[in-house]
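In: Generate a structure from the sequence data that follows.
(chains A, B and C)
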Amino acid sequence: MKKQYTIATLGSHSALTILKGAKDEDFKTLLITTPDRTDFYRRFPFIDEVSQIPSFSQFHEVEKKLKKKNVIIIPHGSFVAYLSLEGNKKMHLPYFGNKNVLDWEFDRSKQHTWMTESGINKAPIYKNADEAEYPVIIKSYGAAGGKGYIFASDKNKLKKKLKTLLGKPYIIQKYIVGVPLYIHYFYSPISNKIEILGVDRRYETNTDALGRIPYQHQRNMDIDLSYVVVANSALTLRESMLMEAFAMGERIVEASQKIIDKKGLFGPFCLEAVITSDQKFHVIEISARIVAGTFLFQNGSPYSWLLYDEPMSMGRRIAREIKIAIKKNKLALITD
Amino acid sequence: MKKQYTIATLGSHSALTILKGAKDEDFKTLLITTPDRTDFYRRFPFIDEVSQIPSFSQFHEVEKKLKKKNVIIIPHGSFVAYLSLEGNKKMHLPYFGNKNVLDWEFDRSKQHTWMTESGINKAPIYKNADEAEYPVIIKSYGAAGGKGYIFASDKNKLKKKLKTLLGKPYIIQKYIVGVPLYIHYFYSPISNKIEILGVDRRYETNTDALGRIPYQHQRNMDIDLSYVVVANSALTLRESMLMEAFAMGERIVEASQKIIDKKGLFGPFCLEAVITSDQKFHVIEISARIVAGTFLFQNGSPYSWLLYDEPMSMGRRIAREIKIAIKKNKLALITD
Amino acid sequence: MKKQYTIATLGSHSALTILKGAKDEDFKTLLITTPDRTDFYRRFPFIDEVSQIPSFSQFHEVEKKLKKKNVIIIPHGSFVAYLSLEGNKKMHLPYFGNKNVLDWEFDRSKQHTWMTESGINKAPIYKNADEAEYPVIIKSYGAAGGKGYIFASDKNKLKKKLKTLLGKPYIIQKYIVGVPLYIHYFYSPISNKIEILGVDRRYETNTDALGRIPYQHQRNMDIDLSYVVVANSALTLRESMLMEAFAMGERIVEASQKIIDKKGLFGPFCLEAVITSDQKFHVIEISARIVAGTFLFQNGSPYSWLLYDEPMSMGRRIAREIKIAIKKNKLALITD
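Out: Predicted structure coming up:
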């Protein structure tokens, strides 16, 4: 029966992870993408069908056609960039996730409120340059993959840099001195359980280039600091901190059910934290959907192998949830 | 027959790796932990039973009960911190490992003697601030997971920092400029063979945070350097250096049989080394038990896959050794 | 029928990856090595036979003996260092790869021409110290595993360092500020397809040591910068950059068929790139054979699992290609 459904996504971000996982769970798979990417995605044997659209903004023109195919759409980190917030909400196809969460993820100020409500330890944000403790990071709304993050070490620099944003919305967040780490969660509204399926670290250019250059040369090089993520690597967390990692995930889900709506956040999400030497997490961001770092674990992660006796990527975990929902006739519970 | 045995450990450090591996080898599994951690460990399906104690220091109160269950205890890096050196030695339950090794691991000065006896290349230690070549690292005894390591770049700073230790025992070790790397060994007293089952790198806060901050800002930030390990990542060693890595492990085992006792060191252990650009290892520490970095390899490592045609984590390798010992009626050889 | 063939290589660099993969594909395996390494390689159960030679330069003395065994030689990164360019070319045994590529890989100036012909984005090279934009890296020919790379931040330093090379051939390459990353390709002349089987990052001593030392102390430490690779770690690339990664591999293969010979480059190779914050690759080197970083993926990589439903290391992929060639009677197409 589940074979009647097709799992589909847009050609970018985590599409390979999503569709490989869907195929592992015996779904049909469909990729919607632009002509320039078609040949690339056709390299992968687990993608059954590639549906071309002239540009992602014309996604809605293919919706009707997909409706007939019994498609379930899995969103990822490029959906808002490609379709806009409104475009996501207007989608008529079954959409894995809760669209009401989108506003709370996109609006960094709302996101901060969400963290506050959950009671997790978070990096402070500041209203303006006078109030801030330095250094800080400026993050504009929708800045994806670290693009557009700006480091500022003092008030003058912050003020100068804020002017370059030309009125775009942003937050000013404290720069926490510690090591960054990204925890991949999956919350199942069917089993009411939270799982940790992986932990990664971002590889950022050119921030991760700095440390390899002797300070004597940094001085002459006029390096413009940036945090653009171009790759990810796997980590495992100290076991004594894993309990708190689970608890943080649960608190974020519970808070979402209070402040967003009853359904709240479910499926894959990620908490992005900086850890200080007192072994405390300082959460800097919530990604309320699959993150790119899950690519690392196509064949399972050290965490997934503790829970499953088969390779369980985040893509497969999503497909598994849909499979269970279909079987239990609960598809409405996990789609929007 | 092996099903009559239960493999048990304390709820911390490497408990998940140990018990997952035990379950893979078809043992019953039991976790002894405090009430605050019980719910956390119950998340994992391979833990058959959780035995609560009010605090780890009361471990000996549950010993009698466990005796009846045919329990074999697998120690890890938190055993000394939780039970004390004496507490470990007084344990009546079968204990995987050689308790005489504990003193030689805990006492950093003895550990240095052990390295010297083995003939491996090690980082020098110094008697006092006048004798030292700078920079140095001060390591107090029992400092676990990098906590309490102190960097000192000159004589004055070293003297100042030594005063903060308030008479606690410590060593002063040369700070080697090179890349740190941790080699996971398993020595089997049944087959008399040494295996390398993984290599990792520690992710230390805030030392690994430094390189991401431009030096101009480090200047204004008053960062207090620390080496607390909060995560690990996987490495593979240059093949031409792997021969020396095996040889080092063998020399450490052989030296232990001379200077500690006939049984010497066996089971899992780790050599922690810094590698310089002449491709030499400078060993900085021996961990004479399972290390936290083995968590990375729940489904095997690039090294274990060269030796085994099934996923072989360090936890599973321990359980496998016990299984073989039971079969060969040699349990006395590997327990204390 | 394929069992009649033996896959062989020299005892160094990627020998374990190559022979483990060969065994996974049911070939007989043979290692040719010097007496000091024999015991080491005998630790690995997938090596059927170890053939000793007094020194690698005497390789040609064992060739006749091996001829009878139906051996296919798989070269790796130490072949040129051990046998010389000429020694490789004079080999009579079937050699997996195209020997004409060797000159184009070894001669860094030719390699640069190759990149130029392919149209990929590459780091500029300079004729002399006056022309260069600083900082730069000097790379002598044949410098393997990063040994002998020299960083120079200005004209005077470059001139001083060039003198230390004593007339050895070299190139002066622009130092690109960004994050380095190594892409593992396999091009099959049988299927005419290119595959990406892994991505890694090098762990270099002491360049990767620098960032962990506060700049105040770097100042007093007189660190002589070096790029010697002692280990590797796994990465996954941002999905939106993967299309360009495939395209670069294809362009390098196509260019080789134009400027080297009709057969061109095939089998395993690696493009070594630095990525800048505009998400552009700047290729700094071509390795026209298996690279050491493939060791990471003995049980497959996140990339290989997208293409194969079984663990596919680079060593196994090579053996698979040979297996297919034998079956299709096309061994001449892939050997030289």
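In: ok, the nearest residue to residue A:273 once chain neighbours are set aside - contacts?
Out: Spatial nearest neighbour of residue A:273, chain neighbours left out: residue A:281 (4.3 Å); criterion: C-beta to C-beta, 6 or more residues apart in numbering or on different chains. For every residue, glycine as well, the C-beta is placed using N, CA and C. By C-beta atoms under 8 Å, 6 or more residues apart in numbering or on different chains, the residues touching residue A:281 are A:120-121, A:241, A:244-245, A:248, A:271, A:273-275.
In: Which of the residues you listed are buried? Put it as a ChimeraX command.
Out: In ChimeraX, this line selects whichever of the contacts of residue A:281 come out buried by 16 or more other C-beta atoms under 10 Å in any protein chain shown:
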select /A:120,241,244,245,248,271,273,274,275
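In: Looking at the contacts of residue A:281, which are in strands?
Out: Of these, the ones assigned to strands by DSSP state E are A:271, A:273-275.
In: Redo those as JSON lines? Include distance to residue A:61.
Out: Compiled in JSON lines, the ones in strands among the contacts of residue A:281 are given as follows (distance: C-beta to C-beta, whole Å):
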{"residue": "A:271", "distance to residue A:61": "36"}
{"residue": "A:273", "distance to residue A:61": "40"}
{"residue": "A:274", "distance to residue A:61": "43"}
{"residue": "A:275", "distance to residue A:61": "46"}
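In: okay, these in TSV with pLDDT next?
Out: Below are those laid out as TSV (pLDDT from 0 to 100):
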residue	pLDDT
A:271	98
A:273	98
A:274	98
A:275	98
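In: Do a quick rundown of the strands in the stretch 1-150 of chain A.
Out: For the stretch 1-150 of chain A, applying DSSP state E, counting those that start in this stretch gives strands covering A:6-10, A:28-33, A:49-52, A:71-73, A:125-126, A:136-140, A:150-152.
In: Can you name the residue of chain A nearest to chain C?
Out: Using C-beta to the nearest C-beta, the point where chain A gets nearest to chain C is residue A:211, with a distance of 2.2 Å.
In: Quick check: that residue vs residue A:293, distance?
Out: The spacing between residue A:211 and residue A:293, counted by C-beta to C-beta, to the nearest Å, is 21 Å.
In: again, but for residue A:327
Out: Counting by C-beta to C-beta, the gap from residue A:327 to residue A:293 is 30 Å.
In: which one of the two has more residues nearby?
Out: Counted by other C-beta atoms under 10 Å in any protein chain shown, residue A:327 and residue A:293 do not tie: residue A:293 has more neighbours, with 29 against 12.
In: got the contact list for the more buried one?
Out: Residues near residue A:293 by C-beta under 8 Å, 6+ apart: A:182, A:184, A:198, A:200-202, A:232, A:270, C:236.
In: Chain B: which of those residues is nearest?
Out: Closest to chain B, out of all of those and judged by C-beta to the nearest C-beta, is residue A:201, at 7.3 Å.
In: count of residues packed around the closest one?
Out: For residue A:201, the count of nearby residues is 22 (other C-beta under 10 Å).
In: where does it fall, phi/psi-wise?
Out: Main-chain torsions, residue A:201, degrees, to the nearest 10: phi -130, psi 140.
In: What score does it have for pLDDT?
Out: Note on residue A:201: pLDDT of 98.
In: My guess is it contacts residue A:232. True?
Out: Yes: counting by C-beta atoms under 8 Å, residue A:201 does reach residue A:232; the two are 6.8 Å apart.
In: what residues do those two have in common as contacts?
Out: With C-beta under 8 Å, 6+ apart as the test, residue A:201 and residue A:232 both reach A:182, A:293.
In: Against chain C - does the helix-or-strand element of chain A with minimal mean pLDDT have any residue that ends up touching it?
Out: None of the helices or strands of chain A scores lower by mean pLDDT, DSSP states H and E than helix A:215-221, at a mean of 85. Yes: Helix A:215-221 lies within reach of chain C by C-beta under 8 Å from any C-beta of the partner chain, at A:215-217, A:220-221.
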